[in-house]
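> Quick one, what's the 3D model for this:
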Amino acid sequence: IDGEYSSTIPGKNDGYVVDKVSCDNGAVGEWNNNDWGLLTTNLTKRTKCNVYFKKLVSKVPDIISQLDTSGKCPTVNDDGSVKVTRVETTNGYLCKAKDAYGDSYYYRGNVTNNYVKFADKYWRIVRINGDGTVRVIYDGTSAHANGEASEDRQIGNSVFNDDRDDNASVGYMYGLTREEEINYTGATYVDVQSNIRDSVIKQYVDSWYNKKIVGKDYAQYIADNLFCNDRRILFGTGVGYVSTGYRWYNFDGNSSDYDMLLTCSQQNDAFTVADIENGNGALTYPVGLITADEVALAGGWSTGNKNYFLYSGQNYWTSSPFFGGDGSVIVFVDSSGILMPSSAYLLNKSTGVRPVLNLKPEALKYGDGTASNPYRLTESLDNSSSSESGGIDTGD
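As a prediction, the model looks like this:
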C-alpha cells in the first residue's frame, strides 16, 4: 500500500485503486473491483501474489461536493424516479438520484464545468454513477460551447436498425427477425428480445470503439456500467408487426410532467459487458448510447433548448424505444434540442450518433471541468492522451 508491504488490504471506500497484481509460480491474479477481492487462476501450493494499491487521485469528490442545495433540482419521488416538468435553459447545477449502483449525481442545464478530455477527444459528463464511475458523452475534437451547433459533436450518422416494421428493431440487440417469427409458431416477446443479434447502431458504435479505443493505453480507464434500452411494454405483444407501445409511449411531446429513471426496470435491457448482477453481460465493448431519461434530466424536454449542455444542433439517437411494429420509433434529440418521440421519425432514418462511455474516477485527475481546463488524465492539456496512448490519433 503506497509502496509499503501490508498484511491487510484497504477497504473499498478508503480511496485506493489497484495499480497491478503480480503472482509467482505461473499463477495469474486479477483484482475484482465489484467484489473488492483477488481472483486467481493456475494457482498452486506455495504461490505468492502481491496486490499493489495506490491512493486514488480524482476530481470526482470535488464534483459531488457541488450538489445543489438551493432547491433548483427536480423532485425525487418515493420510488426513486425524478419528476421533470420542463426544460432547463438558464441555470446549470448538479442533482442527485438513485441508479442501479447507488446515489448518482447528474448535471442539469447550462453547465459549463463538465468538460472532459479523454482519448484525444472532448466529452461532457452526464453524471457520476452510483459506483463512482463517470458517464460521459462524446462532444467532438474540440471543446464546444453550450448553444454551439456542430456536426463535430457526433461521430457520424447511422440508422438504428434497418427493418422499420418489426418490434425486434427497437432493441440495441435482439433475437428473432420478422421472417423467423413468421416461421416460428408461438414466438414470444422473450424470443424477439433475446439479445442474440446486434442492431445496426450497435455495430456502428462498436466499430468506432474498436478503432479508437481498443489496444490504446487509455482503454484501462474505461469501466463496465450499464446502458439501458428500456423495452418495458405498455400495450401490445412486442412481437413482429403488432403495434406495441413501450415505456416512453406515455411521453407524447406535450406532457406537463414525466417520471425519469436512472435505473433499468428489466435486467435483459440493462446492457453490460461482465456485470451480470445488475446487467445482462451481453456487450462486447463497454460503450453505448444515452437514454431519453438522461436527456430530460440534463435539461431537454418537449420544447427547444439551445442552452443545455447536450444540445448539439444536430439530430441524434437515444437508446429509448417509443413504439414498435408498423413504423417503429426510437426517441431522439432533434436539432433544436427537443426530446422528440415523433412517430414520423422512424428508426431506419439515418441520424447522429454520440457514444457514451463510463470512465474510472482516476481518469479525472487534473483540470476543473471548464472548456479551457477540462478534466483529464495528465497535467498537460496538450499531451492529455498522447503519453497515455502511445500516440495521438486525430481521425474520426
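
> Quick one: end-to-end distance for stretch 224-237.
31 Å (Cα to Cα, to the nearest Å).

> buried set for it?
Residues of stretch 224-237 classed as buried: Asp224, Asn225, Leu226, Phe227, Cys228, Asn229, Asp230, Arg231, Ile233, Gly236, Thr237 (neighbour count, 16 or more other Cβ atoms under 10 Å). Quick note: C-beta positions are derived from backbone N, CA and C, even for glycine.

> try stretch 128-147
128-140, 143-144, 146.

> residues touching the residue nearest the centre of the chain, list them.
In the chain, the C-alpha nearest the mean C-alpha coordinate belongs to Val356, at 4.4 Å (Cα atoms, centre = their mean). When contacts are counted by Cβ atoms under 8 Å, 6 or more residues apart in numbering, Val356 touches Val126, Arg135, Val136, Ile137, Tyr138, Phe227, Val287, Gly288, Leu289, Ile290.

> can you do 7 Å?
Arg135, Val136, Ile137, Phe227, Val287, Gly288, Leu289, Ile290 (Cβ atoms under 7 Å, 6 or more residues apart in numbering).

> Please apply the same query to Leu38.
Leu38 is in contact with Val21, Gly29, Trp31, Cys49, Val51, counting by Cβ under 7 Å, 6+ apart.

> Give me the three-state assignment for it.
Assigned with DSSP: H, G, I helix; E, B strand; the rest coil, Leu38 falls in the strand class.

> residues near Glu30, how many?
11 (other Cβ atoms under 10 Å).

> what about the helices in the chain?
60-64, 178-182, 189-192, 200-212, 292-298, 386-389 (DSSP state H).

> Tell me which of the ones you listed sits nearest to Ile9.
helix 60-64 (21.3 Å; Cβ to Cβ).

> Give me the packing partners of that closest one, helices and strands only.
strand 121-128 (3 or more Cβ pairs under 7 Å, 6 or more residues apart in numbering; DSSP states H and E).

> what mean pLDDT does the strand it packs on have?
Computed over strand 121-128, the mean pLDDT rounds to 98.

> same question, stretch 304-322
Mean predicted lDDT for stretch 304-322 stands at 96.

> just the CA coordinates of it, formatted as PDB?
The C-alpha coordinates for stretch 304-322 follow below in PDB (Å, rounded to 0.1, in the frame of the first residue of the first chain):
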ATOM      1  CA  GLY A 304     -36.500  23.700 -27.900                       C
ATOM      2  CA  ASN A 305     -33.500  24.400 -25.700                       C
ATOM      3  CA  LYS A 306     -30.100  25.500 -27.100                       C
ATOM      4  CA  ASN A 307     -28.700  26.300 -23.700                       C
ATOM      5  CA  TYR A 308     -28.300  22.900 -22.000                       C
ATOM      6  CA  PHE A 309     -25.100  21.100 -22.400                       C
ATOM      7  CA  LEU A 310     -26.500  18.200 -24.500                       C
ATOM      8  CA  TYR A 311     -27.700  20.500 -27.300                       C
ATOM      9  CA  SER A 312     -25.600  19.900 -30.400                       C
ATOM     10  CA  GLY A 313     -27.600  21.500 -33.200                       C
ATOM     11  CA  GLN A 314     -28.000  18.000 -34.800                       C
ATOM     12  CA  ASN A 315     -30.500  15.200 -34.600                       C
ATOM     13  CA  TYR A 316     -29.000  12.300 -32.600                       C
ATOM     14  CA  TRP A 317     -30.200   8.900 -31.200                       C
ATOM     15  CA  THR A 318     -31.000   7.900 -27.600                       C
ATOM     16  CA  SER A 319     -31.500   4.200 -26.700                       C
ATOM     17  CA  SER A 320     -35.100   4.600 -25.500                       C
ATOM     18  CA  PRO A 321     -37.900   2.800 -27.600                       C
ATOM     19  CA  PHE A 322     -41.100   4.700 -28.100                       C
END
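
> tell me the contacts of Tyr308?
Glu88, Gly109, Asn110, Asn146, Ala298, Gly299, Gly300, Gly337.

> Please identify which of these is nearest to Asp166.
Of all the contacts of Tyr308, Gly300 has the smallest distance to Asp166: 27.8 Å, by Cβ to Cβ.

> What distance do you get for that closest one to Ile290?
10 Å (Cβ to Cβ, to the nearest Å).

> do the same with Gly245
According to Cβ to Cβ, Gly245 and Ile290 sit 22 Å apart.

> do the same with Tyr115
For Tyr115 relative to Ile290 (Cβ to Cβ), the value is 17 Å.

> same deal with Gly215?
Distance from Gly215 to Ile290, by Cβ to Cβ: 26 Å.

> more crowded one of those two?
When neighbours are counted by other Cβ under 10 Å, Ile290 comes out ahead of the other of Gly215 and Ile290, with 24 against 10.

> and the more buried one, what is it in contact with?
Val126, Ile137, Thr318, Arg354, Val356.
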